[in-house]
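*Asks:* Whatever this is, show me its structure:
(2 chains)
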Amino acid sequence: MQNYLDYLYNELIIIFKNKFNHLVSESEVVLTPCKKEFEGDFTLILFPWLKIFNKSPDEIGEEIGSSLIQSGSITSFNLIKGFLNLTLPDSFWHNNFQKLIESNLESRICIAQPEKFLIEYCSPNTNKPLHLGHIRNILIGWSVYRILKAIGHTVNTTQVINDRGIAICKSMLAWKLFAKGATPESTSTKGDHFVGNFYVLFEEKFKEEYKAWQSSVEGEFIFKELKKIDESESDFFKRYKNEYFNKDSQLGRLSKELLLKWESNDEETRILWNTMNQWVYKGFDATFQKLKVNFDSYYFESQTYLLGKDIIQDGLNHDVFIKDSDGSVWIDLTDIGLDRKIVLRSDGTSVYITQDLGTIAERHKRYQADHYIYVVADEQDYHFKVLTETLKKLKLQYSNGIHHLNYGMVELPTGRMKSREGTVVDADDLIQEVIQAASVNAQERGELSMLTIDERDKVIFDIGMSALKYFILKVQAKKKMIFNPEDSVDMQGHTGPYIVNAFVRIKSIIRKFNSSIVKNNSAEVNNSEKQLLLSCMEYSKILQDSGKQLDPSLLANYLYQLAKDFHKYYSEYRILNAESDSLINWRINISKLVGDHLEHGMYCLGIEMPSRM
RNA sequence: GGUUCCGUAGCUCAGCUGGAUAGAGCAUCUGCCUUCUAAGCAGAGGGUCUCAGGUUCGAAUCCUGACGGAAUCACCA
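*Replies:* Residues are numbered from 1 along each chain as shown, chains lettered A, B, ... in the order given. All right, here's what the predicted structure looks like:
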């Protein structure tokens, strides 16, 4: 939709020219929605012009106001200090209302120049189930996908799965040693949890082994030999843990053997690896389904970890990289304030960034996208800076399209989640809890008694998920967030169910209105309706801003405000028993308009709304 | 130590491309359901926008500095 105030801007520009003999551009004219405490629809700020025209705010305001009245574009104005409050005629609101209900919502929000995006989000490891951090990642990624798509871009989603490496070998080893052939089926355990349990078991067994070793002759000898002056035994062994794993540990040796076997394609190892990963994927899929997200493509590190070496060679040929005497390859980024960074190990194997260089090249071949968005926590800011700068030095065209959507880490009221301390919030548990809370609330209300059990479960599920998803998405993506599990199941106030409730009220009204809705716009427009219309008129801008900033929280907060305005309207005015038929129709039309926007907006957050609750 | 990010009500967060008396929710207290779904509405209390300078007609917002907190600075991913 075109800017609905364009005509007012144009008129003001003409007034500035004719009355004050001054040429201004639209961007210099500051016109904002009027604050609620004052009378008026929009406010023109006069301060910038005082000096230029050498007149008082009252003089300027009076002149502008009366000119606008004369031309009929406003019906009245008032002046408070340097603020000129303008009241527009009802025809302004009627016209915009007409445009809103006649145009199609989907086409109204589209941008002029669509581009092509690829979004990578989620990106889990296969040795542990998904947790709260993944949930934030997934919800942000999915919502950004929906928003970009809604405004007309071509968007694909993908994820990288870290399915190889020492971690999964630990799970495999623990399974081989202790599982006695158990499977997710035989133990009725969700696959990702099943494998995760063996990872935890490995860590426990390793800890026991390490503990025993510490008091052995060898352990005591190492402690005496290698400890720093004044270092306590516990400090030393904390520090030595990694080295113990690599040098002395039986379990460490066995898991590294497994890794080598994996890398040399040992059949038995590969079969076990594949079996366990399949268990995990099945578990992940169940969680993705509950979250209602999906991926257009998957990249597995087992297939990509060897990529990128040709790019390294190419970079060496063009002197972008430097080879050290030991054979390791580096990039020097000190000229732009970063460090020297390794891109290939001395033994010729890849590091993290090598794979990333290769993976982007592959993706670009496949997608030819303008933008590659990586939804990854902000702890990796440095890595992505290095990656982008490296691509730039390689003069690869897609280097300008790399966006690190760096959301902040999720913390609990007690501090950071730590797997060692068992404070990690499991994704499935969390979903379970929020649905449970929705169920308890629904039972107390008893509104759903006429539904079948399946229908009721679906509604409860949607309400619970709306609470969880909204709770996370309302916080600005880039900010770290404190996640209080108790607050996350709240269904009152600034929450998902509050917005759902507004929608449900609208749906209920429409259900109860038997005759067909007539589009009419003869009614007098009250302030609540102006507010609702204005919000709907600004929807496309909000959505486009959210897309531009890759930040769903903008949209989330807008939707809350819209729902709040509707709840207020609902309590102030009777809709179905308004004084006249035409007034009933007008109010239903407004309500339906709001409902459509709420539904579309929540859809863009990845939240499905039931029509009853 | 270098770099980056953050600091707004008791708590969780909006507001940050500069505009009027800084807003919500939670929590505390008070009203409103025989009338469209009370997961709602109306109201009360709660603030040195970390601090100090600067730019400006105007600063929570922009700039500089200090203080406090976080992340990162691996031949890990």
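*Asks:* Flag every buried residue along stretch A:280-294.
*Replies:* Of all the residues in stretch A:280-294, those buried under the rule 16 or more other C-beta atoms under 10 Å are A:Val280, A:Tyr281, A:Gly283, A:Phe284, A:Thr287, A:Phe288, A:Leu291, A:Val293. All C-beta spots, glycine's among them, are computed from the backbone N, C-alpha and C.
*Asks:* Tell me who's in contact with the second one.
*Replies:* Counting by C-beta atoms under 8 Å, 6 or more residues apart in numbering, A:Tyr281 touches A:Thr126, A:Gly191.
*Asks:* Can you report how many residues neighbour the residue nearest to A:Val343 when sequence neighbours are not counted?
*Replies:* In this structure, A:Val343 finds its nearest non-sequential neighbour in A:Val329, 5.2 Å apart by C-beta to C-beta, 6 or more residues apart in numbering. By other C-beta atoms under 10 Å, the residues close to A:Val329 number 21.
*Asks:* is it true that A:Val329 touches A:Phe321?
*Replies:* Yes. Assessed by C-beta atoms under 8 Å, A:Val329 is found in contact with A:Phe321 at 5.0 Å.
*Asks:* Give me the common contacts of the two.
*Replies:* Common contact partners of A:Val329 and A:Phe321 (C-beta under 8 Å, 6+ apart): A:Ile312, A:Val343.
*Asks:* count of neighbours near whichever residue of chain A sits closest to RNA strand B?
*Replies:* Using C-beta to the nearest atom of the strand, the single residue of chain A nearest to RNA strand B is A:Gly493, 2.0 Å away. Counted with other C-beta under 10 Å, residues neighbouring A:Gly493 total 9.
*Asks:* Assign a three-state SS to it, would you?
*Replies:* coil (DSSP: H, G, I helix; E, B strand; the rest coil).
*Asks:* one step back: and the residue nearest to A:Val343, what are its bridge partners?
*Replies:* Using DSSP bridges, the beta-bridge partners of A:Val329 come out as A:Lys323, A:Leu344.
*Asks:* show me the residues around it that make contact.
*Replies:* Counting by C-beta under 8 Å, 6+ apart, the residues that A:Val329 touches are A:Ile312, A:Leu316, A:Phe321, A:Ile322, A:Lys323, A:Ile342, A:Val343, A:Leu344.
*Asks:* hang on, the earlier thing: nearest to A:Gly65, of the buried residues of stretch A:280-294?
*Replies:* A:Val293 (52.3 Å; C-beta to C-beta).
*Asks:* Could you double-check that the closest one sits in contact with A:Ile138?
*Replies:* Yes. Look at A:Val293 against A:Ile138 with C-beta under 8 Å: they come within range, at 5.7 Å.
*Asks:* List the residues that are in contact with both of those two.
*Replies:* A:Cys122.
*Asks:* May I ask you to name the longest strand in chain A?
*Replies:* Secondary structure assigned by DSSP state E gives strand A:154-161 as the longest strand of chain A.
*Asks:* For the helix or strand that that one is followed by, give the mean pLDDT please.
*Replies:* Once the chain leaves strand A:154-161, the next helix or strand it forms, by DSSP states H and E, is helix A:166-178. Averaging pLDDT along helix A:166-178 yields 95.
*Asks:* Tell me the buried residues in helix A:166-178?
*Replies:* A:Ala167, A:Ile168, A:Cys169, A:Lys170, A:Ser171, A:Met172, A:Leu173, A:Ala174, A:Trp175.
*Asks:* Show me which of those residues is closest to A:Pro33.
*Replies:* A:Ala167 (53.1 Å).
*Asks:* right, and the closest one touches A:Phe198 too?
*Replies:* No. The criterion here is C-beta under 8 Å, and A:Ala167 misses it with A:Phe198 at 11.2 Å.
*Asks:* Spell out the secondary structure type for the residue nearest to A:Ala361 when sequence neighbours are not counted.
*Replies:* Among residues not flanking A:Ala361 along the chain, A:Ile311 sits closest, at 6.2 Å (C-beta to C-beta, 6+ apart). Using three-state DSSP, the structure places A:Ile311 in helix.
*Asks:* for A:Ile311, what are its contacts?
*Replies:* A:Leu357, A:Gly358, A:Ala361, A:Leu394.
*Asks:* Go again with 10 Å.
*Replies:* Residues in contact with A:Ile311, defined by C-beta atoms under 10 Å, 6 or more residues apart in numbering, are A:Val320, A:Phe321, A:Val343, A:Thr354, A:Leu357, A:Gly358, A:Ile360, A:Ala361, A:Thr390, A:Leu391, A:Leu394, A:Leu396.
*Asks:* Among these, which ones are in strands?
*Replies:* Going by DSSP E, the strands hold A:Val343 from the contacts of A:Ile311.
*Asks:* Sort out for me which of the contacts of A:Ile311 are in helices.
*Replies:* Those of the contacts of A:Ile311 mapping onto helices are A:Thr354, A:Leu357, A:Gly358, A:Ile360, A:Ala361, A:Thr390, A:Leu391, per DSSP state H.
*Asks:* Please list which of the residues you listed also come close to RNA strand B.
*Replies:* Among the ones in helices among the contacts of A:Ile311, not one lies near RNA strand B by C-beta under 7 Å from any atom of the strand.
*Asks:* hmm, back to that, listing partners with orientation, what would you give for the longest strand of chain A?
*Replies:* strand A:116-120 (parallel), strand A:297-300 (parallel).
*Asks:* mind listing what's buried in it?
*Replies:* Buried-residue list, strand A:154-161, by 16+ other C-beta under 10 Å: A:Val155, A:Asn156, A:Thr157, A:Thr158, A:Gln159, A:Val160, A:Ile161.
*Asks:* so does it get close to RNA strand B?
*Replies:* No. Strand A:154-161 is not in contact with RNA strand B by C-beta under 7 Å from any atom of the strand; minimum separation 8.6 Å.
*Asks:* Centre of the chain to stretch A:348-368, how far?
*Replies:* 24 Å (C-alpha atoms, centre = their mean, to the nearest Å).
*Asks:* Counting neighbours, which bits of it end up buried?
*Replies:* A:350-351, A:353-361, A:363-364, A:367.
*Asks:* Throw the residues you listed into a markdown table and include pLDDT and distance to A:Thr452, thanks.
*Replies:* Shown next, in a markdown table, are the buried residues of stretch A:348-368 (pLDDT from 0 to 100; distance: C-beta to C-beta, whole Å):
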| residue | pLDDT | distance to A:Thr452 |
| --- | --- | --- |
| A:Ser350 | 87 | 55 |
| A:Val351 | 90 | 56 |
| A:Ile353 | 93 | 54 |
| A:Thr354 | 93 | 55 |
| A:Gln355 | 92 | 50 |
| A:Asp356 | 93 | 50 |
| A:Leu357 | 94 | 54 |
| A:Gly358 | 93 | 52 |
| A:Thr359 | 94 | 47 |
| A:Ile360 | 94 | 49 |
| A:Ala361 | 94 | 52 |
| A:Arg363 | 94 | 45 |
| A:His364 | 96 | 50 |
| A:Tyr367 | 96 | 44 |
